[in-house]
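> Model the structure of this input:
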Amino acid sequence: MHPDPSTATLTDPGDGAAHDPQHGLPALRAGLDELVEVTGRVRAALASVVTGRPALADLTVAVLLAGGHLLVEDVPGVGKTTLAKALARSIDCRVGRIQFTPDLLPSDLTGVNVFRSATDEFEFRPGPVFNNIVIGDEINRASPKTQSALLECMEEGQTTVDGTTHLLPRPFLVVATQNPVEMEGTYPLPEAQRDRFMARLTVGYPDAEAEMLMLDRQEAVSPLAHLQPVTTGATVLRLADLVRHVHASRAVKQYVLDLVGATRGHPALRLGASPRASLQLLKAAKALAASSGRDHVLPDDVQALAVPVVAHRLVLTTESRLGGTTGEDVVDEILRRTPVPASTTGGY
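Numbers count the residues shown, from 1 in each chain. Reported below is the predicted structural model:
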């Protein structure tokens with residue numbers, strides 16, 4: 001249905017005119033070769049720790065390159081925190097970890113001004129959000145007030161403490177884990193907080209073969225203990241900038257808008273996806289295309305990411321929720337009935 005990526009033309013994001021494929025953009029092409037090689041190493045590092053679930057590594061890498069934040073949701077013990085730690089250890093950068101608890105305060109995340117009598121002035125002591133990768137473990141065990149301390153950090157890459165704004169380092173990625181809200185001692189994430197996460201993934205149980213492999217590998221020692229960095233934060237930042245130059249045709253952009261727009265009038269939903277969902281779905285699709293070695297986005301990329309990027313932003317009606325409908329069900333249904341754009345002139 002879709003063209004061979006190796007023969008598709010590279011299209012100029014500015015005017016939509018196709019370039020001669022023999023005279024494409026060599027810098028972008030060379031950069032994509034490096035990007036594929038680096039992301040392959042990151043995927044391998046994640047797969048060595050979280051066995052039998054390659055789709056998790058693909059989505060995690062896409063969110064990393066797209067400059068988004070990742071929410072990992074599932075029951076305890078399936079590897080949520082292990083996945084987050086594996087990503088952090090595979091990248092040579094500053095890492096901070098926050099264990100969310102009911103008594104955690106916003107200042108425990110962002111930092112606090114401390115008065116120093118020796119200098120007769122306040123000194124800012126940064127909190128754990130001042131790292132490149134921030135692991136928020138069991139984020140929904142903290143109160144909504146503490147959860148909201150991350151809103152400015154995740155959206156604007158900065159935090160304001162006592163009226164003073166402090167920039168956060170780049171790259172900046174929050175990988176948060178949470179347990180299902182039905183479990184004891186949890187608080188549902190507010191809609192505005194969920195909307196800040198580019199994607200939500202569910203780890204799920206491994207199959208029998210993968211679980212046996214996990215037992216063999218971890219019988220004596222945790223694989224995290226031997227995981228070494230395979231790239232640097234500076235490289236990730238440079239490759240993320242490259243991803244922004246991956247081309248998305250007007251037809252693909254319209255497909256994104258059609259999918260997201262269909263949620264806003266869906267009878268099973270009280271609140272559809274925001275324009276931020278459209279932006280982040282396109283960014284993630286560009287990252288997935290780039291990690292596949294392509295300089296352009298296909299509808300397949302959008303389809304692969306629609307559920308993890310859009311579903312967690314939807315607010316179901318009471319009737320739908322009581323009837324067992326989920327956000328994933330709604331997005332799957334929209335994907336089935338939304339026409340896929342046809343390829344034109346040998347490419348998208």
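
> Can you get me a residue count around residue 145?
The criterion is other CB atoms under 10 Å. On that basis, residue 145 has 11 neighbouring residues. All C-beta atoms are positioned from the backbone trio N, CA, C, and that covers glycine.

> again, but for the one 5 residues further on
Applying the criterion other CB under 10 Å, we find 25 residues in the vicinity of residue 150.

> roughly how far apart are residue 127 and residue 112?
Computed with CB to CB, to the nearest Å, the distance linking residue 127 and residue 112 is 7 Å.

> And the two? Which one has more around it.
For residue 127 versus residue 112, neighbours defined as other CB under 10 Å are more numerous around residue 127 (23 against 16).

> Setting the sequence-adjacent residues aside, check what's closest to the more buried one.
For residue 127, ignoring the flanking residues on the chain, the nearest one in space by CB to CB, 6 or more residues apart in numbering is residue 111 at 3.8 Å.

> Skip the chain neighbours and tell me the closest residue to residue 245.
In space, residue 245 comes closest to residue 28 once its chain neighbours are excluded; the distance is 5.9 Å by CB to CB, 6+ apart.

> How about residue 73?
In space, and not counting its chain neighbours, residue 73 is closest to residue 178: 5.1 Å by CB to CB, 6+ apart.

> what ranges of the chain fall below the confidence cut-off?
Within the chain, the ranges that satisfy pLDDT under 70 run 1-27, 52, 77-78, 181-185, 218-220, 344-348.

> right, and the helix or strand after the lengthiest helix in the chain?
Among the elements of the chain assigned as helix by DSSP state H, the one spanning the most residues is helix 26-47. Reading on from helix 26-47 to the C-terminus, the next helix or strand found by DSSP states H and E is helix 54-66.

> Which of the residues in that next one are classified as buried?
Residues 56-66 are the ones in helix 54-66 that count as buried (16 or more other CB atoms under 10 Å).

> Same check on stretch 309-319?
Residues of stretch 309-319 classed as buried under the neighbour-count rule (16+ other CB under 10 Å) are 309-314, 316.

> As PDB, could you dump the C-alpha coordinates of the strand or helix carrying residue 308?
Assignment of secondary structure by DSSP H and E places residue 308 within helix 299-310. As requested, C-alpha coordinates have been extracted for helix 299-310 and formatted as PDB (Å, rounded to 0.1, in the frame of the first residue of the first chain):
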ATOM      1  CA  PRO A 299       0.600   7.100   7.600                       C
ATOM      2  CA  ASP A 300       1.900   3.900   9.100                       C
ATOM      3  CA  ASP A 301       3.900   5.900  11.500                       C
ATOM      4  CA  VAL A 302       0.900   7.900  12.600                       C
ATOM      5  CA  GLN A 303      -1.200   4.700  13.000                       C
ATOM      6  CA  ALA A 304       1.500   3.000  15.100                       C
ATOM      7  CA  LEU A 305       1.500   5.900  17.500                       C
ATOM      8  CA  ALA A 306      -2.100   7.000  17.600                       C
ATOM      9  CA  VAL A 307      -3.100   4.900  20.600                       C
ATOM     10  CA  PRO A 308      -0.200   5.600  22.900                       C
ATOM     11  CA  VAL A 309      -0.100   9.300  22.000                       C
ATOM     12  CA  VAL A 310      -3.900  10.100  22.000                       C
END
